[in-house]
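# Below are the sequence and a predicted model; questions follow.
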Amino acid sequence: MNVFKKKLESKHKPAQPIDPIDLYQSLYRKDGYAYLRGIQEEVLKEWHARRDEKEMLCKMNTGSGKTLVSLLMLYSKLVEGAGTAVYVCPDKYLLDQAKKQANLYGIPICEISDENQFPADFLNCKAILLCNFHKLFNAKSIFNRDKIEIGAIVIDDAHTCLDISRQNTTLNISSKHEIFDRLIALFDVELKKQAPGSYRRLLDGDPYAKILKVPYWAWLDRKDEILDILNEFSDDDELRFKWQMICDSLDTFDCYIGPNGLQISPMIVPFDSVKSFSEAKFKYILSATFEDQVDLIKDFGIEEQNVINAIIPRNRKDVGQRLILAPKRFDPNIEDAQLRQLTSEIAEEGNNVVVLVPSAEKAKVWYKYGAVNLNQDDNISNNIEKLKTSKGGLYVLINRYDGIDLHGDMCRLLVMDGYPRFSSYNDLYKEVRVESIQASLKSQIIDQGLGRAVRSGSDFCAVILMGNDLIQFLGNKFNYGYFSPVTRKQIESGLTILDDEEDKSNSIQTIKDTIYYCLNQDENWREFHNSILDEVKDDTLSDVKKQELKIAQKEKEALNEFKLRRYSSAMDKIGSTIINNKELALNLKHQAWYYEYAAKFIYQADPVIANDLQIKATMAPHMLTPRNGENYSRLNKNEGQASMVLSYIKQFNKSQDLKIHVQSILNDLTFSKDIKAAKFENALKETGKLLGFDAHQPENEFGNGPDVLWIMSDNHYLILEAKSMAIHSEITRENIGQLLQSGEWFKKHYGKNTAHTLVTLQSPDIKGWNVNPSENSKVIDEGALAALKQKLEQFYDAIVNKGINAISKEEIGKLLSANSLTSENFRGSFLKVIKVSSKK
């Protein structure tokens, strides 16, 4: 027998400490891993002081040692005797990282066997179980199967796990599946009432048709039939690992119809369906990104106060260097093709360049420059692994803004080309109705994307931002508050860093030189970057964030009442604590959203009250059309035209942002069969706002009426029907018939005597001999549209040259007159008489 083992067995073995820092010192560590980093000690000290709290959040930057901190928390609870300990994360990559960390520091770990059996060391509380979040959170979870009671659980990279929890409780039914046809048959009548045109386009497979939501009354009235249909297919691939988490709470789900089929998604993730997770004694939520914390409350059940009291290290500025540039903000004349050529050159010069794009369509143009698709063969991990040994490559990642590690030389230039797009119908539907809520989610996606190539405090990369939609989003100062403090400061600095460079004779070279200051680790660049981080304030929750958390907590409480069939109580919680809470000061769209929420909650108890609430919801556009009662919200006379323009331009950070925004609108305001009608119509609405008029899209927003309606500053209305993709040579009977129908709609809602003009927008100004427009029907033809765009460009160039923060209301008024853009001059200059064709 080993003499040392014998001697040890004869001695009394001291108990292991539960303080995680002392516990660390007791571990058998590999050489070179003797000390905890300062930020790790800071977090562990605060965690230990609060170790009896049931839920705790912790923000730690990528590369700051978060994984080791997670494992020490769990090991400490294991030693304490709190029960089993589980570490979960979203993917195999992070799981491997955790395994390496545990082995380096001698922390006991184990994994689920290939036969899906739990190891004895886990069950006997001798080792931490490592597993991915999918294994824990699904309808056939082996944790539920074996009735596992969890003592302490860490959710690492929690924002990604949140996404997985929603994906694993959302049914995606293809339009080719039998389920689709059978459910559509149940809702056909109601969907036709909501938006007959859009519904028809969806059934025809139009990829650009808008998302429709099945009205809650149709969903709730038919829940027994829905349950029967879905249960029949419960063993299908799409339902097998989801159905058991959904079937008992269909009331709390919504159904959306989109171009590819339908999605059935939860209002709030039914996290309590996995008891091991929901009833864990201690939950620790860790992530580098928590800018949208409301989902932690709604989808993970975390209490509001625990989100507010998250552990946040005092110094989170050790995040590495990011030089973020938006070349078009420096020089709007730069073409995208020039930027793509520049990135190709930087790759050829020995630097790995990775481009993040929101869609496969957006990626295609990069292949012409030699880019390699990292998503190909559905093997991202292996493809990315190759970047560790490559130098000077150009790569594309499609719609992957998180869960990807591109540290060091794997990526020295990151390009974000285009605004991230939501993929779920739920998010797409909500984005149109409560865009400020979704702006927070979009900011988090951008924040995650920017973090792909800087993975530690010693790392560095340059970033190019491309795409007018992305630049416009970042140019809107109201969106800045959604970013983490460090990212916000890096963006602000990068977007203005070239402002003082007046020489734009070779803008591309200026941008390239600036990028290389970062890539070559120029001393002045490093000192400058340190100086901007010194200006970053502590990472504290703003009042706006706290308000969002309060609303999320009340939503969760209301939904819990709804699930218990306390319908009146659920409605009251939404009404009294959200809609009528003056401290929250909800805007019109938010109020409408929550009126509809409350209507769903009370519908099964009192359909009449639900209908009254639904009518109130239609104070804002795009809400569901109530079964009974008016749902159209009229445009009313606005303030003066110059004042409206001044208010409009104040949303932008700088003049260049405004110029990019205007150019994007004018680009879409073009008669072309290649520009989708929806884009043209939206541009037409925005053009009204550029002119200082109020505008909306009645057909799109309320399900009926003209394409676009403007109210001009003299209270004259323009009823606008767009035929931008039409290629005929004459205005047809069908065109005029639709215009006259919109005129009748207008008279019904605004009265016969309200001043208005019917306007068709299309290339020709000649009607067929048998076409009979009304006397007040006009056309904006190819020539008039070109003239209008030219005048608008001149008008906004003058504003930009003066400066959006310097120009006055009086100066705007003079510019409107000079460019024939006042109400009366507009009608005289750009609305043309419809001519009669000489053909018969």
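Perfect, thanks for sending it. Numbering: from 1, shown residues only.

# quick check, residue 627 in a helix?
No. Applying DSSP: H, G, I helix; E, B strand; the rest coil, one finds residue 627 to be coil, outside a helix.

# okay, now it: neighbour count?
Neighbours of residue 627 under the rule other C-beta atoms under 10 Å: 16. Where you see a C-beta, it was placed from the backbone N, CA and C, and this is true even at glycine.

# how near is residue 409 to residue 519?
Distance, residue 409 to residue 519, by C-beta to C-beta, to the nearest Å: 10 Å.

# so what's the residue most central in space within the chain up against?
By C-alpha atoms, centre = their mean, the chain has its centre lying nearest to residue 442, at 3.1 Å. Neighbour list for residue 442: 419, 420, 473, 479, 482 [criterion: C-beta atoms under 8 Å, 6 or more residues apart in numbering].

# a markdown table please, covering those and showing secondary structure.
A markdown table is the format used below for the contacts of residue 442 (three-state DSSP):
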| residue | secondary structure |
| --- | --- |
| 419 | coil |
| 420 | coil |
| 473 | helix |
| 479 | helix |
| 482 | helix |
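
# I'd like those written out as CSV, with pLDDT added.
Formatted as CSV, the contacts of residue 442 follow (pLDDT from 0 to 100):
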residue, pLDDT
419, 82
420, 81
473, 83
479, 77
482, 74
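
# Considering the residues you listed, which is situated nearest to residue 679?
Closest to residue 679 out of the contacts of residue 442 is residue 419 (14.0 Å), distances taken as C-beta to C-beta.

# so residue 622, which of the three states?
Three-state assignment for residue 622 (three-state DSSP): coil.

# Can you give the domain ranges for this structure?
Here the domain parsing of the chain from automatic domain parsing is 16-158+274-308, 170-268, 321-534, 543-617, 641-836.

# average pLDDT across the one helix or strand the residue nearest to the centre of the chain maps to?
Element membership for residue 442 (DSSP states H and E) is helix 435-450. The predicted model gives helix 435-450 an average pLDDT of 75.

# Which positions in that helix come out as buried?
Within helix 435-450, the residues scored as buried using 16 or more other C-beta atoms under 10 Å are 437-450.

# Please apply the same query to stretch 469-478.
By neighbour count on 16+ other C-beta under 10 Å, the buried set for stretch 469-478 is 470, 471, 472, 473, 474, 475.

# Tell me which entries of these lie within helices.
470, 471, 472, 473, 474, 475 (DSSP state H).

# closest to residue 509 among those residues?
residue 471 (20.8 Å).

# Could I get the contacting residues of that closest one?
326, 328, 329, 465, 657, 660.

# okay if I get these as JSON lines plus pLDDT, distance to residue 586 and secondary structure?
Output for the contacts of residue 471, formatted as JSON lines (pLDDT from 0 to 100; distance: C-beta to C-beta, whole Å; DSSP: H, G, I helix; E, B strand; the rest coil):
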{"residue": "326", "pLDDT": "88", "distance to residue 586": "32", "secondary structure": "coil"}
{"residue": "328", "pLDDT": "87", "distance to residue 586": "35", "secondary structure": "helix"}
{"residue": "329", "pLDDT": "84", "distance to residue 586": "33", "secondary structure": "helix"}
{"residue": "465", "pLDDT": "92", "distance to residue 586": "32", "secondary structure": "strand"}
{"residue": "657", "pLDDT": "85", "distance to residue 586": "27", "secondary structure": "helix"}
{"residue": "660", "pLDDT": "87", "distance to residue 586": "30", "secondary structure": "helix"}
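
# So which residues of the stretch 551-700 of the chain form helices?
With DSSP state H, counting those that start in this stretch as the criterion, the stretch 551-700 of the chain has helices at 567-574, 588-603, 607-617, 641-649, 655-668, 677-690, 698-702.

# The closest residue to residue 634 other than its chain neighbours - how many residues pack around it?
Among residues not flanking residue 634 along the chain, residue 749 sits closest, at 6.2 Å (C-beta to C-beta, 6 or more residues apart in numbering). By other C-beta under 10 Å, the residues close to residue 749 number 18.

# Same question for residue 519.
Using other C-beta under 10 Å, residue 519 is surrounded by 18 other residues.

# Now do the helix holding residue 442 against helix 588-603, angle only.
Angle of helix 435-450 versus helix 588-603, following axes from the mean of the first three to the mean of the last three C-alpha atoms, to 10 degrees, is 110 degrees.
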